[in-house]
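Trainee: I'd like to go over a predicted model; first the sequence, then the structure.
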Amino acid sequence: MEKKTACVIGLGPAGLVAVKELNAAGFDVVGYDALSRIGGRWSLDPSYATGGVWKEMYWNGERRKCGYSDFPWHGEDYDENDAVEKDLLGLFPHSTEARAYLEAYADHNNLKPLCRLNTRVLLAERDQKTGRWNVTTKSGDDKETTRVFDYLAVCPGRQAKARNQLEGKELANYQGKLMHSSELKSIRAFEGQRVLVVGASASGSDISSHLAREGGCSRVVNSVRRVPYHMDRVSPVNDLSLDDFLAPRLAVWLGRHFPDDVVNRGFKALVLENFPSQLTEEITGSAELVPDKDIRKAGLGLSSDYVSLAKEGKLTVKPAVQSAFGTTVRFADESTEEFDTIICGTGYDVDMSFLDKEVQRRIQYTSPFTGAEEVALYKHTLMPDYDNIAFLGLYNGAGPIYMSFELQARYIAKLWTGSLAYPSERAIKAGVDKFKEYREVGPHHATELSIDVAETIADELKLTPSFLEALLDRRLLTGAVYPCYYRIKDEVESKGKPKNYQKLFDYYMEHPGKAAKEY
């Protein structure tokens, strides 16, 4: 019997695992990527214009929670690799280690023969008669080729298109160096300069703290529309990583059964318990530059030592940018200041320009609060009407994301082989409406917890514990979720030699990763 064909667009973390799972399920798979190396933004390919990975960048997540379930990530594996920089605090991999891990994963699973690098997808168009996908690509030698596929997995990544909504407005008359955070190559490129970083979320907060601590700048200012509650990668209270309390199963279950305000009050208490030091009027010099009492309005910032750097005067917090002329910037409090460089950490839009126009029309969604261009999907994976296309790795996640990408890949492999019943059209449309309703609650719903996305799909795959199982083993309820957990039930049912994921999970739970004391 002839194999069904599957095309994977994008070979970053989501695309790689899609190639792996679809190949394992028996599909004839081809993956395409315009870059010269696998890994997406973590390939460190200099041609990736919107990669947003700078030389001194570390992952926000602890490696043991951020890898693929069947390929544990251990830092010691890369000790002998001269191209890999030392990790941070013994827990957080440097960008060079991230690249090495993805390369090792591809080699281990023999994925590279299935990958077509230096090959850009120009158009993926659905044949209205056959329902198959005509995929036109352009290789490095400018040769255009069209191939027909039965299935299409779309994995271009969330960082495909930088969004800088200030460039033509508030900063239209700024004459210094203006750049988006995606263009940042090294924190040390601004030595002696006065630098303004715009944005309070993960990129803006992290870049600001890195510049203030090690950039050698004469002054660093972070302009924010709202002051978030700041979290470091590691809690100063117990030396545990952020993921240990950000990703328990209990958070997901409570979110399903309790009102939004109750869940967020509990979440705020958890944040303050682990990160008690927050910005105050005494630190910022303004009663307006403190976090709102409602964490849903304030949001979250993620960095290293942001609050302590502000306390020491190495980092200044300012309100939103109002206007600029020459190199002078005016802020919402009417204060003015001159800057040599402005870095806008203002996010990204999902780029689906290579897709069939009708598909784009059906899935495109603009956030009413952030203005971000997104895709509205069922379980962040499926769209209405078409049962042979899926989207992976495109949601705006916080926390360990690889395990959710992997579960998406396992999910579509089972759906497309028929070993799992495809959801009804009614269910898919209801799921899309649910996504839109979630986004429209407020700006705090601009992001999903990655563990929530993972659990939602794992439920479909019957990989999550029952309530009784969680009560009998409280680790399953209140402990951190590790990727290997989602292999345990499959392992019990498999006929092959078990890899003992249960043993690995038990080890991780008994030996949580604690941060090394030295920075």
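Mentor: Arrived safely.

Trainee: contacts and neighbour counts: CA atoms only from here.
Mentor: Will do.

Trainee: Let me see the contact set for residue 445.
Mentor: 438, 439 (CA atoms under 8 Å, 6 or more residues apart in numbering).

Trainee: buried sites along stretch 437-445?
Mentor: 438, 439, 443, 444, 445 (16 or more other CA atoms under 10 Å).

Trainee: quick one: which of the residues you listed is nearest residue 121?
Mentor: Closest approach between the buried residues of stretch 437-445 and residue 121, by CA to CA: residue 439, at 29.9 Å.

Trainee: Need the three-state assignment for the nearest residue to that closest one once chain neighbours are set aside.
Mentor: Counting by CA to CA, 6 or more residues apart in numbering, residue 445 is the residue found nearest to residue 439 once chain neighbours are left out, at 5.2 Å. The three-state label given to residue 445 by DSSP: H, G, I helix; E, B strand; the rest coil is helix.

Trainee: Quick check: residue 445 vs residue 264, distance?
Mentor: Residue 445 sits at a distance of 11 Å from residue 264 (criterion: CA to CA, to the nearest Å).

Trainee: now residue 449
Mentor: 13 Å.

Trainee: for residue 372, same thing?
Mentor: From residue 372 to residue 264 the distance is 23 Å (CA to CA).

Trainee: So in terms of bridging, what pairs with the residue nearest the centre of the chain?
Mentor: In the chain, the centroid-proximal residue (CA atoms, centre = their mean) is residue 397; its distance is 4.8 Å. With DSSP bridges applied, residue 397 shows beta-bridge pairing to residue 448.

Trainee: is it true that it touches residue 447?
Mentor: Yes - with contact defined as CA atoms under 8 Å, residue 397 reaches residue 447; the gap is 5.7 Å.

Trainee: Quick one: the helices in the stretch 351-500 of the chain, in order.
Mentor: Under the criterion DSSP state H, counting those that start in this stretch, the stretch 351-500 of the chain contains helices at 357-363, 402-417, 425-439, 450-460, 467-472, 475-478, 488-493.

Trainee: For this protein, give me the ranges with low pLDDT.
Mentor: By pLDDT under 70, the low-scoring segments of the chain are 1, 49-51, 75-83, 165-168, 247, 491-499, 514-519.

Trainee: tell me, how many neighbours does residue 47 end up with?
Mentor: Residues lying near residue 47 (other CA atoms under 10 Å) number 10.

Trainee: whoops, residue 147 was the one
Mentor: So residue 147, with other CA under 10 Å, has 11 neighbours.

Trainee: Now it: phi and psi?
Mentor: Residue 147 adopts backbone torsions of phi -130, psi 150, taken as degrees, to the nearest 10.

Trainee: tell me the contacts of it?
Mentor: 134, 135, 136 are the contacts of residue 147 under CA under 8 Å, 6+ apart.

Trainee: Scan these and report the most crowded one.
Mentor: residue 135 (22 neighbours).

Trainee: In which helix or strand does that residue reside?
Mentor: Assigned by DSSP states H and E, residue 135 belongs to strand 133-139.

Trainee: Can you dump the C-alpha atoms of that strand in PDB for me?
Mentor: What follows is strand 133-139, C-alpha atoms only, in PDB (Å, rounded to 0.1, in the frame of the first residue of the first chain):
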ATOM      1  CA  TRP A 133      -2.000  20.300  -0.900                       C
ATOM      2  CA  ASN A 134       0.100  21.800  -3.800                       C
ATOM      3  CA  VAL A 135       3.300  23.000  -2.100                       C
ATOM      4  CA  THR A 136       5.600  25.300  -4.200                       C
ATOM      5  CA  THR A 137       9.100  25.800  -3.000                       C
ATOM      6  CA  LYS A 138      12.200  27.700  -4.000                       C
ATOM      7  CA  SER A 139      15.600  26.200  -3.300                       C
END
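
Trainee: and it, which strands flank it?
Mentor: Sheet pairing of strand 133-139 (DSSP bridges) gives strand 119-126 (antiparallel), strand 144-149 (antiparallel).

Trainee: Is it possible to get CSV of these that adds distance to residue 472?
Mentor: Listed next are these as CSV, based on distance: least, CA to CA, whole Å:
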stretch, distance to residue 472
strand 119-126, 49
strand 144-149, 47
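
Trainee: of all the ones you listed, which lies closest to residue 391?
Mentor: Among the strands paired with strand 133-139, strand 119-126 sits nearest to residue 391 (CA to CA), with 13.2 Å.

Trainee: Give me the contacts around the closest one.
Mentor: 9, 32-35, 132-140, 354-356.

Trainee: same question, stretch 320-338
Mentor: 170-176, 194, 198, 223-225, 318-319, 339-340.

Trainee: how does it look with 6 Å?
Mentor: Residues from elsewhere that reach stretch 320-338 (CA atoms under 6 Å, 6 or more residues apart in numbering): 170, 171, 173, 174, 175, 176, 223, 224, 225, 319, 339.

Trainee: From those, list the buried ones, please.
Mentor: 170, 171, 173, 174, 223, 224, 319, 339.

Trainee: ok, so what distance separates the residue nearest to residue 439 from residue 380?
Mentor: From residue 445 to residue 380 the distance is 14 Å (CA to CA).
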